[in-house]
Structure formats: structure tokens, C-alpha cells
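[1] Sharing a sequence plus its predicted fold:
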Amino acid sequence: PRWRVCDCLSVVGVCASVPLVMALLHDPDVPYLPLPAHGGVVSPHEHSDIVRDGSVDIKGRPVRRSHTGGWKACGFIIGYELIERLAYYGIASNLVIYLTSEMHEGTVSSAKNVNNWMGVTTVIPIVGAFFADAYWGRYWAIAITSLAYVLGLIFLTLSASLRVFKTSPCPTGSLICPKATAVQNGFFFFSLYLIAIGTGGVKPCLESFGADQFDEEDPAEKRRKSSFFNWWYFGLCTGAFLAFTVVVYIQDNVSWGVGFGILAVAMVIAFFLFLAGTPFYRNKLPGGSPLTRIIQVLVAAVRKWHVLVPSDGNLLYEIHDKESLRIGRRRLLHTEEFRCLDKAAIQENSNEPTFQKWKDPSKCSATEDIHTIVMYSSEIEGSNTDVQGPNTNPWKLCTVTQVEEVKLILRIASIWLTTIIYGAVISQSITLFTKQGSTMNRKIGSHFEIPPASLQMFSSIIILIVLPLYDCVFVPAARWLTGYERGITMLQRLGAGMFLSILCMIIAALTEFKRLKAAKDYDLLDDPNSTIPLSIFWLTPQYLLIGISDVFALVGQQEFFYDQVPDTMRSLGMSLYLCANGVGSFVSSLLITIVDKVTSQGGHQSWFVNNLNRCHLDYFYLFLAVLSTLNFIIYLLFSKSYMYKKVGIVSLAFRQ
């Protein structure tokens, strides 16, 4: 009925308008820093309002703290994310049902297609993040790829609405259904992967762009940045909740074309919402190719393989350069790990100055992850000149900061590898969990029937409840006990989520065992189309556990990878978090293929067959639980030895 469609559009419109109204309450008269009218000298009051992390407006002008960034800018960004996740989960949550019921694919092929698509949508952001960090900037990367996102959704709507692109329905009473033609398959998957290209620019850049709205060198804004990741995920889950309830219901009870059409309209609204916040955004300038900087360190270190590394890190080459301040690249302090890379910063001409002088570092305070030491140099203190250092060939001599950036990537890699199995676990909530629910009793009362994919709303509900409690109750209490600004460390948060995912797989296995037992007791093992008289709410515990684990692990991943990567690679940092989950989806698909082949050898029945009542998802869930436990042990070993990033902040005199 039309009123249902209008209702959904109204909900989307209200959700999109909230951050817009919040922003309009603020007067954007002076969104940038004007040049001082009194002889070119910035007054102390004006200077305190300058954002000193290299942020500029869309036209490249310096920005004021009071008129840009903060929550006023994040309202637009979180609003965009809410609608974008509404669109993404409106597709992903019910895709396995669409492939089996509309495209007439089998259980194994549909699960693999969903895993492959989800894998691509979370791996391709590496490409988008690279171009955003190196050349485009995050704002333009989001704007450009949003157009591909909208176009993909329009094509997807056409593939589900026009007869030429729709698969013929199954004959009444027949178990054999016609397969989709090559044209139908081609247009459908072209639409899906065009959406994947859109997510490749939006997902890694949008969250890092939101975090960029807070200046890490301002104590108040630094605290708000930690809360930003929690409220960002809150907005994400709000969009997911609407997808699991409103959109999935329309897809199952009205039509797939209407359901996908609503998502297309919503993304158009989100795109214009993002553009409306342009005057309030703080933009970071692209910092050039990070791969070039990494390769320069490796080449310089190899060239000086015969040179001994000095025991005193202050003898290594470092400079104060204006370009680093312009693009917001902070100085990194020397660490003792991977000392072979320090050779890249060794000056073979001992007469060249190092420009590394420190102001009483023993008296500087330290936090769990960032050790702040104020740099001091008599050459620049009180003067207006830049210290550039001697002319050097970056392929022969690199700075300590450049070397430490490579060390950061190597340290992060060990943690990243251990998050892949977690990605494989959470991918089950969209694929196999949904297929489980499709065979169970989904009725509430005598008329209403819950769509199988809507059960994912319990994950969103528990996240929407737990996240505010985590930010407003748990963090202050933990901060009082531990003294850490975040309450617990980022790696402790991530580890807690991994542990909960193990419990989730055990619970899922026990629930599946009960479902199979009910199918056997009611003689339904060979009747896959019949409903098993077991309430779908038996799946609630595993969805709740996966939701709570997300609060710790997924938000922890986002905060960790954003915080620990080099400053000019923040989009790539977010793509690492997405890529881990994407590779996890590929691993899940690979595991299903391997288990299917191994268990079907010798004439035995595979754990995965088209008849879900003859599958052994319970064994597969237990297998994932064992695999996750081994992975968790490895994670504990890596996290125990992990060294957090150490940042040095340039003296105020040099900034002036």
C-alpha cells in the first residue's frame, strides 16, 4: 500500500533533517579565519581560535575553531552515515533471501555470493582511501564516490522492478525454478558492484573525515574525538535498525523494487545533506603518496645496510619542515623496535646538523597511547623562520618521523591479521543466521510474521542501548579506576569484543542443535519448505552477543586504526578496519567451500546442502569457535608486546 511507502520516506526524511536543523541553529557568518586587519599580527584571542592541526576550509583557507568542526560539522556527517548504512544494510541484510527466492540460487552459492560482495565492499575502500589521502582529500573522495553509490542503487531498483531484468517466478507447486539469464545476472551484479565502488570511497573517508573535525592538540576536542567514535557507531546502528525493520519488511511484504527504490531516494537525500554541511567542515590537505614515503625508507635503509645504527636516537636525522605543518603531519618520536630501519635516518656526513633538541622530556606527561613531548630548538624559538635542514635526497636520507611511520605500519599489521577471523565470525549474522531464521516459526500472533533478516534488529537494539552506557557510564568509571583517558586501552576493548564473539559462536551452535532436533522430532528433515515449530526468538541470544561484541571490537577497531596510523594515512587506517572485515567475509566463504568439499568426501553428506535441515551449521559454528579461540590467544600475545604511537608536538613558537 502507498501509505507504507510514504511512511518509510517520512522516517528517512526526519532522520536526515535532524542534523540539518542542528546545524542551522549555528550562525555560519565567518566559517574561515580572515586575515588580521591590524598590521598582519594575530592577536592572542584570534590565535587561540585558530585550528592549528593544518585544517582548512573547502577553498584552502585557515579555519576558526568557533565556527567550524566539532559536533556542528559531525551532525551532517553522522546523518549521512545513518542513511548510508540504511542503504547498505537494506541490501546486505536480506540479500541472501533475494538470491534464493528471486534469483533461485542454492544455499551454498547464495552464501558465497553474499560473502564475496561484502568482501569487495570492505576491501575496495583501500583504493578509495589511498586516493583520498594522497591526491583528492577526503571531502572530494566522498562527494565523487557518492554519485557511483546513488547510480548503483538506481540500477538495483530497475533490476528488481523491470520485467526484462527480473527472474521468472517458480511454477506453482514446483520445487524446480528457472534460473536467471546471463543478462539478468549481469545487470544485477553490475548494480551490486557499482554500489561496492561507492562504498570504496564513502566508508573509509567519511568516518576519518568526521574524526578530523576534532583538533587533537586541543584537550577538550581530543576528549570529544574519543566519544565521536561511539556516537558515530550509534548513528550507524540507527540506520541498520531501520534497514532491518522498515526496509526488510517492505521488501518481503510489498515488493523488492519498492524496497530498493526507497534506498535510492534516501541516498540522494544523504548526498545533499553532506553537501549542506560544507561551510562547517575542517578539511585536511592530501599528503602525497604514502607508498612513496614507505619505499623511500626501505631503499635508504638497504643502501646503508653496512652502517652501524647509533645507540643514541638523537643522532638520527630529523627536521622541522613547514610542509608537515601545512598538511597536519605530526612529528613521531624514535622507538627501539625494527632498528634496522633506523639506517634510513643515519647521516653519513657527520657534520650535518640533526635539528633534534628536546625540552626536558622527563617532565612531560604520558597517556596510554600518545606520549607528548614538546620540541624545542634555539634556531627557531622566538623567530619566524622555518628550519628546513640541508638539501637531501629522500631516497638516501629519511627523517625519523618517516622511519617511524613505516614502523607503525609493521606494528599495526600484526594486530590487523588477528582481526580477520573476527570478521569471518560476524559475517555469519547476515548469511547463515538469516537462513536459520527462514526455517523457523516467525509469527507473532495470528497475522504478523517477522522477516528472517529483521532479527538482526536485536543486534542494533542492544548496540543502541549499550553504546550510550559505555560512553556515559563505563568510560568515566573505568577512567577513575585506571587513570586512562579512554577508560581502558584500545586493544583491551578490541580483545573484549573478540572474546564475546567466541561465546556467540558457541551459543549459535547450541541453538542450531536445538533447531535440528526439533526438525527431527517433527519429521521435517526432508521437508525444507515447511516451518519448524520452533520460535525464531531462539536466535535472539546470538544476535545480542554479536551486538555487544560489536560495541567493543568494531568500535575499538575503528578507534585503534584511526589513531595508530600515520597522520596523513587516516583514511587508509579506516580502510584497514573495513578490509579486515572484508577479508573475513572472503575467509568465511573460503571456509564454507573447504568444509563443503572435505565433509562430502568418501560418499558422506556435506555439512552444507540446499536442504538446511540436513546441514550441520552447528558443527561449522563450533569450528569457528575453536578457530576464534586460537586466534584470540595469538592476539593476546601480539597486543601484550604492542607499542603505542609516540607523538611529538611542535613548539608554539614555531607554529606562530
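    Good, I have the coordinates.
[2] For the stretch 351-500 of the chain, which segments count as helices?
    400-418, 420-426, 432-438, 457-469, 475-482, 490-521 (DSSP state H, counting those that start in this stretch).
[3] of all the ones you listed, which lies closest to Phe561?
    helix 400-418 (7.0 Å; C-beta to C-beta). Just so you know, the C-beta spots here come from the backbone N, C-alpha and C atoms, and that holds for glycine as well.
[4] Let's have the helices of the stretch 351-500 of the chain in JSON lines, adding distance to Ala220 and mean pLDDT.
    Formatted as JSON lines, the helices of the stretch 351-500 of the chain follow (distance: least, C-beta to C-beta, whole Å; pLDDT from 0 to 100):
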{"stretch": "helix 400-418", "distance to Ala220": "26", "mean pLDDT": "91"}
{"stretch": "helix 420-426", "distance to Ala220": "33", "mean pLDDT": "90"}
{"stretch": "helix 432-438", "distance to Ala220": "42", "mean pLDDT": "82"}
{"stretch": "helix 457-469", "distance to Ala220": "20", "mean pLDDT": "86"}
{"stretch": "helix 475-482", "distance to Ala220": "16", "mean pLDDT": "88"}
{"stretch": "helix 490-521", "distance to Ala220": "21", "mean pLDDT": "92"}
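[5] so which of those gets nearest Ala240?
    Taking the helices of the stretch 351-500 of the chain one by one with C-beta to C-beta, helix 457-469 is closest: 4.8 Å.
[6] OK, contacts around Ala453?
    93-94, 97, 244, 248, 434, 437 (C-beta atoms under 8 Å, 6 or more residues apart in numbering).
[7] I'd like to know which of those residues is nearest to Thr199.
    Top of the list for closeness to Thr199, among the contacts of Ala453 and by C-beta to C-beta, is Ser93 at 15.0 Å.
[8] contacting residues around the closest one?
    Per C-beta under 8 Å, 6+ apart, neighbours of Ser93: 240, 243-244, 248, 430, 434, 453, 456.
[9] what does Leu408 give?
    The contact partners of Leu408, taken as C-beta under 8 Å, 6+ apart, are 332, 564-566, 645.
[10] Those in helices, which ones?
    Residues from those lying in helices, with DSSP state H as the criterion: Gln564.
[11] hmm, back to that, would you point out the most distant pair within the contacts of Ser93?
    Between any two of the contacts of Ser93 (C-beta to C-beta), the greatest distance is 13.9 Å, for Ala240 and Thr434.
[12] which residues are common contacts for the two?
    93, 456.
[13] just so I have it, where are all the strands in the stretch 501-650 of the chain?
    532-535, 647-649 (DSSP state E, counting those that start in this stretch).
[14] The helix or strand Thr121 falls within: which residues count as buried?
    Assigned by DSSP states H and E, Thr121 belongs to helix 107-123. Buried residues in helix 107-123, counted by 16 or more other C-beta atoms under 10 Å: 107-108, 110-123.
[15] Then stretch 142-152?
    Applying a neighbour-count criterion of 16+ other C-beta under 10 Å, one finds 142-146, 148-152 buried in stretch 142-152.
[16] Figure out how far the helix holding Thr121 is from the centre of its chain.
    Put simply, helix 107-123 sits 18 Å off its chain's centre (C-alpha atoms, centre = their mean, to the nearest Å).
[17] what do you get for stretch 279-297?
    19 Å.
[18] Also stretch 135-149?
    For stretch 135-149, the distance to the chain centre is 16 Å (C-alpha atoms, centre = their mean).
[19] who touches it?
    Residues contacting stretch 135-149 (C-beta under 8 Å, 6+ apart): 58, 84, 87, 128, 131-132, 194-195, 197-202, 205-206, 208-209, 212, 267, 270-271, 274-275, 278, 281, 283-286, 571.
[20] Dump the helices of the stretch 351-500 of the chain into JSON lines; add distance to Val164 as well.
    Below are those laid out as JSON lines (distance: least, C-beta to C-beta, whole Å):
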{"stretch": "helix 400-418", "distance to Val164": "44"}
{"stretch": "helix 420-426", "distance to Val164": "37"}
{"stretch": "helix 432-438", "distance to Val164": "28"}
{"stretch": "helix 457-469", "distance to Val164": "34"}
{"stretch": "helix 475-482", "distance to Val164": "54"}
{"stretch": "helix 490-521", "distance to Val164": "39"}
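[21] And those: which comes nearest Ser575?
    Closest among these, using C-beta to C-beta: helix 400-418, at 10.9 Å.
[22] Using PDB, list the CA coordinates for that closest one.
    What follows is helix 400-418, C-alpha atoms only, in PDB (Å, rounded to 0.1, in the frame of the first residue of the first chain):
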ATOM      1  CA  VAL A 400      63.000   9.800  12.000                       C
ATOM      2  CA  THR A 401      59.300  10.600  11.500                       C
ATOM      3  CA  GLN A 402      59.300   8.900   8.100                       C
ATOM      4  CA  VAL A 403      61.000   5.800   9.500                       C
ATOM      5  CA  GLU A 404      58.700   5.700  12.500                       C
ATOM      6  CA  GLU A 405      55.700   5.800  10.100                       C
ATOM      7  CA  VAL A 406      56.900   2.500   8.500                       C
ATOM      8  CA  LYS A 407      57.400   1.000  11.900                       C
ATOM      9  CA  LEU A 408      53.800   1.900  12.800                       C
ATOM     10  CA  ILE A 409      52.600   0.100   9.700                       C
ATOM     11  CA  LEU A 410      54.600  -3.000  10.700                       C
ATOM     12  CA  ARG A 411      53.300  -3.000  14.300                       C
ATOM     13  CA  ILE A 412      49.700  -2.400  13.200                       C
ATOM     14  CA  ALA A 413      50.000  -5.300  10.700                       C
ATOM     15  CA  SER A 414      50.200  -7.900  13.500                       C
ATOM     16  CA  ILE A 415      47.000  -6.700  15.100                       C
ATOM     17  CA  TRP A 416      45.300  -6.400  11.800                       C
ATOM     18  CA  LEU A 417      45.900 -10.000  10.900                       C
ATOM     19  CA  THR A 418      44.200 -11.200  14.100                       C
END
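[23] I'd like to know the average pLDDT value across stretch 182-197.
    For stretch 182-197, mean pLDDT is 91.
[24] Quick check: closest non-adjacent residue to Ile58.
    Thr278 (5.6 Å; C-beta to C-beta, 6 or more residues apart in numbering).
[25] hang on, I meant Asp212
    Using C-beta to C-beta, 6+ apart, the closest residue to Asp212 is Lys284 (5.4 Å).
[26] again, but for Gly497
    Closest to Gly497 by C-beta to C-beta, 6+ apart is Ala553, at 2.3 Å.
[27] Hmm, the one you found is touching Ala496, no?
    Yes. Under the criterion of C-beta atoms under 8 Å, Ala553 makes contact with Ala496 at 7.4 Å.
[28] Please say which of the two ends up with more neighbours.
    Between Ala553 and Ala496, counting by other C-beta atoms under 10 Å, Ala553 is the more crowded of the two (25 against 16).
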